[in-house]
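K.L.:
Make a model of this:
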Amino acid sequence: MQAPLITLMTSSETTESYEVSFNVLSHIHLLVMRGANWVFETEHKQFFVKYDEPSYIKNLKLEILAQIASQSNIQDIVTELTEYVTDVNVEIARQSIMCFSTITIRLPEMA
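P.N.:
The predicted structure follows:
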């Protein structure tokens, strides 16, 4: 289940067709919110935001990153989120700060 979804998401990003990517991300977000966050833990770097993506894609990726954070990938995710805090887009900066709070609530031992 993981590999086809990640492949669809990344292949649609390269063709500048963000509609497919948004649909795939929405399905991944639904799976993660229903407790399947462990499925995508190892692929956390695929959800890092790219500078040329639309803000609705960035928001979904940030929400997914906050949910798939675990002890094994927390360092990479926190390092990436610190870059987004200084983003030019204020909405993305706020969303990344909210991701920190979500991660802290989910993983209090990692705070």
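
K.L.:
what stretches of this structure score poorly on pLDDT?
P.N.:
Residues of the chain that meet the criterion pLDDT under 70 lie in 12-16.

K.L.:
mind checking which helix or strand residue 79 is in?
P.N.:
helix 74-84 (DSSP states H and E).

K.L.:
what helices or strands is the helix or strand just after that helix leaning on?
P.N.:
Using DSSP H and E, the helix or strand that follows helix 74-84 in sequence is helix 90-106. Using 3 or more C-beta pairs under 8 Å, 6 or more residues apart in numbering; DSSP states H and E, the elements in contact with helix 90-106 are helix 55-68, helix 74-84. (Each C-beta comes from the backbone N, C-alpha and C, glycine too.)

K.L.:
circling back to that earlier point, quick check, distance from the helix holding residue 79 to the centre of its chain.
P.N.:
Here the centre of helix 74-84 is set off from its chain's centre by 11 Å, with C-alpha atoms, centre = their mean, to the nearest Å.

K.L.:
what comes up buried for that helix?
P.N.:
Using 16 or more other C-beta atoms under 10 Å as the test for burial, helix 74-84 gives 77, 80, 81, 84.
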